[in-house]
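A.B. asks: Take a look and give me a structure for this.
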Amino acid sequence: MSVHFSSDQHFGHAAARSFYRRPFASVAEMDQQMIDRWNSMIEAGDEVWHLGDFAVRQSPARIAWLLGVLHGRKHLVIGNNDDAAVTGCALWQSVQTYAEVTIDGTRLVLCHYPFRTWRDMGRGVINLHGHSHGRLKPLPRQFDVGVDVWDFRPVRLADIVGGTGPRSRRSAVPQRSDS
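C.D. replies: Numbers count the residues shown, from 1 in each chain. Down below sits the predicted model:
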């Protein structure tokens with residue numbers, strides 16, 4: 001079993017393409033690419049900590065469908081765009097606004113929002129967050145796990161702290177043609 005982290009898919013959110021300069025021709029393409037990339041990384045027994053903004057203004061049926069098609073056991077740390085359809089879906093393993101977990105001996109503070117300071121930051125605890133879509137300069141031991149930073153896919157802790165893996169959203173995504 002592996003543990004992965006992700007945030008800020010904004011499934012179904014048409015404005016995400018322009019707000020975050022996502023290189024997809026349509027919302028349907030954006031959603032399908034993120035589903036495919038998620039499932040290429042995650043196996044059935046893996047855990048995924050989703051740090052918020054899973055979907056925007058989607059029906060409960062659509063949320064359930066998305067969570068059903070995405071591999072792994074999924075935990076939600078609520079983001080500012082996660083409405084009752086998202087937070088109320090029974091397919092999450094857990095739903096919370098904040099979490100402290102230990103993964104592979106590393107203590108983590110998980111929240112949708114990046115912190116200026118967090119519990120035991122001076123003792124090596126790492127803050128993982130979303131919300132900023134790669135636009136915020138991180139503090140030491142603070143990492144944005146959003147899809148706009150990690151090539152529209154979940155990421156393992158070893159890749160986050162080790163500085164490996166894709167970091168550019170444009171590295172493997174076809175560019176939109178405006179012609």
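
A.B. asks: CA only for contacts and neighbour counts going forward, please
C.D. replies: Noted.

A.B. asks: In the chain, mark out all the strands, start to finish.
C.D. replies: Assignment of strands within the chain using DSSP state E yields the ranges 3-6, 47-50, 73-77, 94-96, 99-103, 106-110, 126-129, 142-144, 155-156.

A.B. asks: Nearest to Ile35 among the ones you listed would be which one?
C.D. replies: Ranking these by proximity to Ile35 (Cα to Cα) places strand 3-6 first, at 12.3 Å.

A.B. asks: so where's the chain uncertain?
C.D. replies: 164-179 (pLDDT under 70).

A.B. asks: what ranges do the helices span in this protein?
C.D. replies: 16-19, 27-41, 60-69, 84-87, 157-162 (DSSP state H).

A.B. asks: Contacts for the second one next, please.
C.D. replies: This points to helix 27-41. Residues from elsewhere that reach helix 27-41 (Cα atoms under 8 Å, 6 or more residues apart in numbering): 9, 11-14, 17, 24, 69-71, 152-154.

A.B. asks: give me that answer again for 10 Å
C.D. replies: Outside helix 27-41, the residues within contact range by Cα atoms under 10 Å, 6 or more residues apart in numbering are 2, 4, 6, 9-17, 22-24, 26, 48, 55, 66-67, 69-72, 147, 151-156, 173.

A.B. asks: What are the buried residues along it?
C.D. replies: 27, 30-31, 33-35, 37-39, 41 (16 or more other Cα atoms under 10 Å).
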